[in-house]
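> sequence plus the predicted model coming up.
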Amino acid sequence: MSIVVEQLARRFSPDGSPAVSEVSFQAPAGAITSLLGPSGAGKSTLLRLIAGLEIPDEGRVLIDGVDCTTMPVQRRGVGVVFQSYALFKHMTVRQNVAFGLEIQRVPKAEREARVEEMLRMVQLEHLGGRYPGQLSGGQRQRVAFARALAIRPRVLLLDEPFGALDTRVREELREWLHALHERTRLTTLLVTHDQQEALEISQHVVVMREGRVAQAGSPAEVYDRPASPFVASFIGGASVLRGHVQAGRAAMGALSVEAPVAAREGESVQAFVRPHDIKLARSLADAASASTALGRVERLKSVGGYVKVFLRLPTGDEVTVEVPRSEFDALGVVEGDSVRADVRSATVFVGDYSI
Ligand SMILES: Nc1ncnc2c1ncn2[C@@H]1O[C@H](COP(=O)(O)OP(=O)(O)OP(=O)(O)O)[C@@H](O)[C@H]1O
């Protein structure tokens, strides 16, 4: 059951900018597709348009080839999970999971069997008699999944489902969702602003910015071949170096990397380089080449298994480098040292952009 949206637009006020504009993409059948973007990019509005909680000003929503643009929510066959658990506090877990089935007038015996099946699926069969207030955040969110899945939806729509949980529970539930999807193969749309989450569990990623699609593709495509400076900087936390095209190369001070084929002499360039793509060498003579420069270590920050090195290049640009701890120990640098940084794997865009 694929989800296709065509030229969707939604404007909340006549004079403001649209929350969603000219959005077209396809969420492939049986896959998890992430809608990824910064706050205010229009992700939730898009999800609500697909769920039927909002009606678009323009465009169409098709689920499994059927035009659902103006169809009421209950008839779309969608299961929705929001960030806030939205469980009924006065109902037990079992009653919460049964809710949609009662609305659908599913006979009692079948309803009870389905609820038990769902509770087993989310591994909460032992907690069916509890109230939401007696559960942890992670457990509550699994009840929300059970309730969404109980109606046997054609597609699953998730709006930041792990957004309110702490990091450890969030990571656990991410794994859990991945395993659940392996079993159900339900077409899933996941709204998130967490690129790690999107890259880890989805097969397709739609990057959004200011109500529009900035890029859509596989996680590898958007990560390895960002279509714009925005995507390059948003995904992977890249540092940016600015310069000009000189002798066919993107030159940033004395440093230069390959320029795009279409680049014209003298044009402005921006080179995006990801923290773990910068290679550091201790010795001044080590690996000196056009794509390397001596940088000053301004600050060091240890983050678990790796160290963040904040480096000031001769161009004045600050770049962040992430070095695995073992490599960092072998490198033996301290704040104030000079190290040679190699930025040859930078992604270069021609032109002046503001991100
Ligand atoms: N009901 C509404 N009325 C007026 N404006 C709205 C409404 N819902 C969303 N907006 C506006 O539309 C834009 C997109 O919001 P939306 O919630 O879709 O973004 P988002 O990418 O999901 O952001 P976040 O991650 O912060 O939830 C924002 O500027 C927001 O203020």
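Yes, it's here.
> you'd agree residue 114 is in a helix?
Yes - using DSSP: H, G, I helix; E, B strand; the rest coil, the assignment for residue 114 is a helix.
> can you pull the contacts of it?
Contacts for residue 114 (C-beta atoms under 8 Å, 6 or more residues apart in numbering) come out as 101, 106, 150. In this view, the C-beta of every residue, glycine as well, is placed from N, C-alpha and C.
> most neighbours, which of these?
Neighbour counts for those (other C-beta atoms under 10 Å) peak at residue 150, which has 24 neighbours.
> find the nearest non-adjacent residue to that one, please.
residue 118 (4.8 Å; C-beta to C-beta, 6 or more residues apart in numbering).
> ok, the one you found - how many residues close by?
Neighbours of residue 118 (other C-beta under 10 Å): 26.
> so how far is residue 169 from it?
Distance, residue 118 to residue 169, using C-beta to C-beta, to the nearest Å: 20 Å.
> rewinding a little: host element of the residue nearest to residue 150?
helix 108-121 (DSSP states H and E).
> residue ranges with poor pLDDT in this structure?
85, 283-288, 352-355 (pLDDT under 70).
> give me every residue in it lying close to the ligand.
By C-beta under 6 Å from any ligand atom, the part of the chain that sits against the ligand consists of 12, 19, 37, 39-45, 193.
> mind checking which of the residues you listed are buried?
19, 37, 41-45, 193 (16 or more other C-beta atoms under 10 Å).
> for the helix or strand harbouring residue 250, packing partners?
Using DSSP H and E, residue 250 maps to strand 249-252. Applying 3 or more C-beta pairs under 8 Å, 6 or more residues apart in numbering; DSSP states H and E, one finds that strand 249-252 contacts strand 239-246, strand 255-258, strand 268-273.
> mean neighbour count added to the ones you listed, as TSV?
Formatted as TSV, those follow (neighbours: other C-beta atoms under 10 Å):
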stretch	mean neighbour count
strand 239-246	20
strand 255-258	22
strand 268-273	23
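> let's have those strands in JSON lines, adding distance to residue 8.
As requested, the helices and strands packed on strand 249-252 are exported to JSON lines (distance: least, C-beta to C-beta, whole Å):
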{"stretch": "strand 239-246", "distance to residue 8": "31"}
{"stretch": "strand 255-258", "distance to residue 8": "38"}
{"stretch": "strand 268-273", "distance to residue 8": "29"}
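> so which of the ones you listed gets nearest residue 338?
strand 255-258 (14.4 Å; C-beta to C-beta).
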